[in-house]
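Enquirer: quick one, fold the following:
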Amino acid sequence: MTRAEKILNGAAYWGSYYRNNPERFVNDYLHIKLRLFQKILIVMMFWCTTFVLVACRGIGKTYISAIYTVTRAILYPGTQICIASGTRGQAINVLEKITNQLMPNSPELRAEIEDVKRNGTNAYIKFKNTSVIKVVTASDNSRGNSSYKIAVYG
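Expert: Numbering: from 1, shown residues only. Below is the predicted model of the structure:
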């Protein structure tokens with residue numbers, strides 16, 4: 001077996017491992033220590049086709065959404081994630097959590113991201129693996145965006 005084949009086999013092994021254990025990916029790659037309930041939420045977000053979190057103020061709904069979107073974008077190259085909210089400001093909060101809280105703590109995450117734009121009309125994060133996290137306003141005009149949809153409500 002050549003060196004290149006060994007590297008590809010190792011990447012396939014770890015990719016499969018982290019897709020089955022996203023909470024460990026968050027700990028190992030993003031350097032985020034999650035509480036038990038947050039680990040359960042991340043796992044359920046990956047396992048379920050439809051996931052709804054109804055929680056009180058201050059529990060970290062936007063934060064856990066930011067962690068999920070980044071993890072999904074890295075582990076599944078080419079993923080298109082659309083964050084929809086009643087106002088653009090609420091949806092842009094997820095991007096701000098990624099850029100202001102997650103990126104400073106993880107050099108690996110900074111290396112994955114190609115471009116970040118957070119202005120009022122065009123807000124997105126592009127990854128080097130062709131995944132994109134974009135923001136839209138939840139309205140009739142945004143229904144045409146085909147991607148994983150994350151709805152954020154205040």
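
Enquirer: hey, which helix or strand in the protein has the poorest pLDDT?
Expert: Ranked by mean pLDDT, DSSP states H and E, the weakest helix or strand in the chain is strand 148-152, scoring a mean of 56.

Enquirer: the helix or strand where residue 83 lies pairs with which strands, and in what direction?
Expert: If you go by DSSP states H and E, residue 83 is part of strand 80-85. Its sheet considered, strand 80-85 pairs with strand 132-137 (parallel), strand 148-152 (parallel) by DSSP bridges.

Enquirer: tell me the centre residue of this protein?
Expert: The centre of the chain sits closest to residue 69, judged by C-alpha atoms, centre = their mean, with a distance of 1.4 Å.

Enquirer: tell me which element that one falls in.
Expert: helix 61-75.

Enquirer: for that helix, give the mean pLDDT please.
Expert: What helix 61-75 shows for mean pLDDT is 93.

Enquirer: which parts of the longest helix anywhere in the chain are buried?
Expert: Secondary structure assigned by DSSP state H gives helix 3-20 as the longest helix of the chain. Buried residues in helix 3-20, defined by neighbour count with 16 or more other C-beta atoms under 10 Å: residue 18. In this view, the C-beta of every residue, glycine as well, is placed from N, C-alpha and C.

Enquirer: what helices or strands is that helix leaning on?
Expert: Packing partners of helix 3-20 (3 or more C-beta pairs under 8 Å, 6 or more residues apart in numbering; DSSP states H and E): helix 22-28, helix 61-75.

Enquirer: looking at the ones you listed, which is closest to residue 49?
Expert: Ranking those by their distance to residue 49 (criterion: C-beta to C-beta) puts helix 61-75 first, at 13.1 Å.

Enquirer: pull the residues that contact that closest one.
Expert: With contacts defined as C-beta atoms under 8 Å, 6 or more residues apart in numbering, helix 61-75 is touched by 15, 18-19, 22, 25-26, 29-30, 32, 34, 38, 41-42, 45-46, 53, 55, 79, 81, 83, 93-95, 97-98, 101-102, 109, 112, 125, 127, 129, 131-133, 148, 150, 152.

Enquirer: which of those residues count as buried?
Expert: Among these, those scoring as buried are 18, 22, 25-26, 29-30, 32, 34, 38, 41-42, 45-46, 79, 81, 83, 93-95, 97-98, 102, 109, 112, 125, 127, 131-133, 150, 152 (criterion: 16+ other C-beta under 10 Å).
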